[in-house]
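In: Fold the following and give me the result.
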Amino acid sequence: MAEITAGLVKELRELTGLGMMECKKALEEAGGDIKKAEELLRIKSGAKASKAAGRVAADGAIGSYLSPDAKLGALVEVNAETDFVAKNPDFESFTKDVAKLVAEKSPADVAALSALSIGGETVESLRQKLVQKIGENINVRRFERIQSNGKVISYIHPGAKVAVLVDLEGDEAVAKDVAMHIAFAKPQFFTKDQVNPDVVAAERKVIEARAAESGKPPEIVAKMVEGGINKFVGEITLLGQPFVKDDKQTVQKMLDANKAKLHGYRYLVVGQGIEKKQTDFAAEVAAMSKGNG
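Out: Take a look at the predicted model:
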């Protein structure tokens, strides 16, 4: 068997765009024959886009689409392993194409979206090709879609890490302000009616315990608890939040002052809820060198 040198691994990486350890393993399986190793990796790339699927993809970008009549909008989060890949033109084009597909076809979930076609190829097939070309794990993670009662306004924060769609009747400038507020404040709920009672109950216990330690009379403690709950609910609901451009008024009051009506909104934040894995590149190189020794 030919020696699996670092140079041979590097050459295979350049041919396939796949990871260092994957290329090393393929070369070992192929007895050092680089052509056979390349063929092995090409075949394996069809199964969850090769072993790249096992790597954490917590970076990426949000693809956005807004119909010409502003009645339909969609967002899609496409994850990659690094921010560098998120700026790749092929990656950006893929996210935008998939967002448009979400808007036009309204798939039930990511699995249904992956089976839909763009230019004669499924989203999943295009994703696998992108993994093969770029060399990172890439996943279509989730999407949001909104059909307007008023007019959809889109806001993409610089860097495409946060994107917002707002369905609002009223001045477009107000809609933009609301979208920017959402990007900044990331409200968990639209109105207080949507807040899960269990969430409120859990917070009430904490507030009650703090209020009880104040040593104040029961009637004052009760008022402190209710005041604390009202503040908590206001902070996690969009309409109750202090407006980012004028914190002396809530978003609801700002809308009322501008005679605007907010029907709904959608937003996505890249990597939200994904635990990033810490990698030690030096250790990886050392392990590979040891294997070659």
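In: Span of stretch 238-245 from start to end?
Out: Start-to-end span of stretch 238-245 (C-alpha to C-alpha, to the nearest Å) is 14 Å.
In: in it, what's buried?
Out: Leu238, Leu239, Gly240, Gln241, Pro242, Phe243, Val244 (16 or more other C-beta atoms under 10 Å). Where C-beta positions appear, they are placed from N, C-alpha and C, glycine not excepted.
In: Dump the helix or strand where Gly234 lies to PDB, keeping only the CA atoms.
Out: In this structure, Gly234 is located in helix 218-236 according to DSSP states H and E. What follows is helix 218-236, C-alpha atoms only, in PDB (Å, rounded to 0.1, in the frame of the first residue of the first chain):
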ATOM      1  CA  PRO A 218     -48.900  40.900  52.100                       C
ATOM      2  CA  GLU A 219     -50.900  43.500  50.100                       C
ATOM      3  CA  ILE A 220     -47.800  45.200  49.000                       C
ATOM      4  CA  VAL A 221     -46.100  41.900  48.100                       C
ATOM      5  CA  ALA A 222     -49.100  41.000  46.000                       C
ATOM      6  CA  LYS A 223     -48.800  44.200  44.100                       C
ATOM      7  CA  MET A 224     -45.100  43.700  43.600                       C
ATOM      8  CA  VAL A 225     -45.800  40.200  42.200                       C
ATOM      9  CA  GLU A 226     -48.400  41.400  39.700                       C
ATOM     10  CA  GLY A 227     -46.200  44.300  38.700                       C
ATOM     11  CA  GLY A 228     -43.300  41.900  38.100                       C
ATOM     12  CA  ILE A 229     -45.500  39.600  36.000                       C
ATOM     13  CA  ASN A 230     -46.800  42.400  33.900                       C
ATOM     14  CA  LYS A 231     -43.200  43.600  33.200                       C
ATOM     15  CA  PHE A 232     -42.000  40.100  32.400                       C
ATOM     16  CA  VAL A 233     -44.900  39.500  29.900                       C
ATOM     17  CA  GLY A 234     -44.300  42.900  28.400                       C
ATOM     18  CA  GLU A 235     -40.600  42.100  27.800                       C
ATOM     19  CA  ILE A 236     -41.200  38.800  26.000                       C
END
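In: Centre of the chain to it, how far?
Out: Chain-centre distance of helix 218-236: 33 Å, with C-alpha atoms, centre = their mean, to the nearest Å.
In: which residues sit against the helix or strand hosting His263?
Out: In this structure, His263 sits in strand 261-269 according to DSSP H and E. The contact list for strand 261-269 (C-beta atoms under 8 Å, 6 or more residues apart in numbering) reads 62, 73, 75-77, 142-146, 148-150, 161-170, 178-179, 182-183, 186, 190, 238-239, 255.
In: Each with direction, which strands does it pair with?
Out: Its sheet considered, strand 261-269 pairs with strand 162-169 (antiparallel) by DSSP bridges.
In: okay, the helix or strand just after the partner strand in CSV with CA atoms only?
Out: Later in the chain than strand 162-169, the nearest helix or strand by DSSP H and E is helix 172-185. Presented in CSV, the C-alpha positions along helix 172-185 are these (Å, rounded to 0.1, in the frame of the first residue of the first chain):
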residue,chain,number,x,y,z
GLU,A,172,-44.1,51.3,5.0
ALA,A,173,-41.6,53.2,7.2
VAL,A,174,-43.5,52.0,10.3
ALA,A,175,-43.3,48.5,9.0
LYS,A,176,-39.5,48.8,8.6
ASP,A,177,-39.2,50.2,12.1
VAL,A,178,-41.2,47.3,13.5
ALA,A,179,-39.0,44.8,11.5
MET,A,180,-35.8,46.4,12.8
HIS,A,181,-37.2,46.3,16.4
ILE,A,182,-38.0,42.6,16.0
ALA,A,183,-34.4,41.9,14.7
PHE,A,184,-33.1,43.7,17.8
ALA,A,185,-35.5,42.5,20.5
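In: Past helix 172-185, which element shows up next along the chain?
Out: Next in sequence after helix 172-185, counting helices and strands by DSSP H and E, comes helix 197-212.
In: Give me the contacts around that next one.
Out: Taking C-beta under 8 Å, 6+ apart as the rule, helix 197-212 contacts Val221, Met224, Val225, Gly228, Ile229, Phe232, Val233, Ile236.
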